[in-house]
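Undergrad: with the input below, show me the fold.
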Amino acid sequence: MHLVFLHGWSVTDTATYGRLPQILAERAAAAGIDLQFTHVHLGRYISFRNEVRMDDLVRALDHALRELLGRDLPRFACVTHSTGGVLARSWIEAHYGASGLARCPLTRLILLAPPNHGSALAILGSGRISRLRSWFQGVEPGDGVLRWLELGSEEARVLNRAWLDYPSADASVALRTFVLTGETIDSKLYDYLNSYTAEVGSDGVVRVASASLDHRWLELRQSETTVPMCGTTGEARLLEPAGNLRTSDGGAFRIVPDAAHSGSAKGILESPTPANAERKPVVSAILEALTLGDSPRAYAALATAWAKANDALQAGRGRKRRFFQLIARITDDRGATVPDFDLILLAGPRYDPEAFPRGFVIDKQVNRRTPHTITFYLDFDAVCATRGAKFGFRIVARPSSGFARYEPAEFRLEEESVDRFVTPNCTWYVDVTLLRHVDRQTARFDPASAGPRDFRGQQPEGTPVP
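TA: Residues are numbered from 1 along each chain as shown. Alright, predicted model coming up:
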């Protein structure tokens, strides 16, 4: 079996792989597994130049793989770190897609700490401090790739929507995915200027919820049904599902104990050594993935075992807090984006914005290039413990008055509590379509017999056109 390694963003030296390839080769040989190790060279994976985009890397990666393994690619496995996982998934989508997976030669995709749904750090990556650090290292920040990695990016949205159709265990498909990520912060790598490097529920760079391929998708459309709004005056029009909730097949997902994103002490990729390999669960997990048979039943059994390990790690005394992401994208019924809005989370029997416990919102971030998209990072258990266990949100978009306007909208989970709608460590995409109301007085005709009329003082009458 050929085994290819893909590093993460802004890496400039293959030393980033540490001793892991050697450890895997030795342990595989002891287990009678024939692994041929090949690195995708940095010359084919330049992520530290601003002009390089993710789709550029996909093209270069395909060329590099065929130079390395042959034009007709043989079956191979791939271990990725961080952004390398996103690159590998993007390559699969570009060249095979859900309908062509039976032809995909990649049989085992093992993703270490992948930012599948972005990283909170990406918005800071091209900032002043990052540019200075990159200048001293002789490289650029890599803005072209960072745009993909920013929370709520359109590129990530497109890939993850396509991934909803990918089966994780199908007898006709050889591809099996395995996601391994940590939630430990290495204090030596903490940046006091950037609190995201010590964010709870993350490995210092990538959130557990953002690494997992467990994601859900819901499309909502504003209706004519109105309800009184709690905590303020006026009414809102209900947001109703435009289709069923779609869920991905998250596949095999493991939270690795005592693993951080990077670093020689706790880094999920760099820290294993021949001396400590027995104490590094990531080593045995990778070998378990590589040696797993093709049977869908065997894969499902491994996914179940890993899920139970996650539950044990996040349960009981001293239980770690669990989180999920909500990524909302707001457009209107004319197909235009709505960048100026407030999204207010609601809870309890009256859908009250004050019903949540303090601190349930860990973070919220608006995408810089697509400001009609916002990502909330929420404490799963705090949301579930809210009085009444109901969940919803209100959108107040602008303009809210004048000749063209939006009316407040509310989404309400009437029957299901949020813990039946989302799970811990997942990302929930919500596409919202608002109705844009155009006043009848925006365009009118007057009889010529009435003579000239100055209509600079014309006011909306409140009656929208159909």
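Undergrad: for this protein, which element, helix or strand, carries the lowest mean pLDDT?
TA: helix 128-137 (a mean of 45; mean pLDDT, DSSP states H and E).
Undergrad: now the helix or strand just after that one - C-alpha only, CSV.
TA: The helix or strand immediately downstream of helix 128-137 is helix 143-149, counting by DSSP states H and E. Output in CSV follows, covering the C-alpha atoms of helix 143-149 (Å, rounded to 0.1, in the frame of the first residue of the first chain):
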residue,chain,number,x,y,z
ASP,A,143,-4.1,34.7,2.1
GLY,A,144,-5.5,32.6,-0.8
VAL,A,145,-5.7,29.5,1.4
LEU,A,146,-6.8,31.4,4.6
ARG,A,147,-9.9,32.6,2.7
TRP,A,148,-11.0,29.0,2.5
LEU,A,149,-10.2,28.4,6.2
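Undergrad: which other residues reach helix 143-149?
TA: The set of residues external to helix 143-149 that reach it, using CB atoms under 8 Å, 6 or more residues apart in numbering, is 9, 47, 49-54, 56-57, 83, 86, 115, 118-119, 122, 125-126, 153, 155-156, 369. (Glycine included, C-beta is placed from N, CA and C.)
Undergrad: buried among those? Need that as a selection in PyMOL.
TA: Buried residues within the contacts of helix 143-149, by 16 or more other CB atoms under 10 Å, are selected in PyMOL with:
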select buried, resi 9+47+52+54+57+83+86+115+118+119+122+125+126+153+155+156
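Undergrad: doesn't Asp363 lie inside a strand?
TA: Yes - under DSSP: H, G, I helix; E, B strand; the rest coil, Asp363 falls within a strand.
Undergrad: I'd assumed Glu199 was in contact with it.
TA: Yes - applying CB atoms under 8 Å, one finds Asp363 in contact with Glu199, separated by 7.2 Å.
Undergrad: compare those two (neighbour count), which wins?
TA: Between Asp363 and Glu199, counting by other CB atoms under 10 Å, Glu199 is the more crowded of the two (21 against 17).
Undergrad: give me the pLDDT for that one.
TA: Note for Glu199: predicted pLDDT of 92.
Undergrad: residues in contact with it?
TA: 120, 207, 362-363.
Undergrad: just give me the least confident of those residues.
TA: Lowest pLDDT of the contacts of Glu199: Ala120, 92.
Undergrad: in strands only, show me the contacts of helix 143-149.
TA: Nothing among the contacts of helix 143-149 maps onto strands, per DSSP state E.
Undergrad: coming back round to it: for the contacts of Glu199, please prepare TSV with the additional fields distance to Ala305.
TA: Formatted as TSV, the contacts of Glu199 follow (distance: CB to CB, whole Å):
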residue	distance to Ala305
Ala120	30
Arg207	23
Ile362	29
Asp363	32
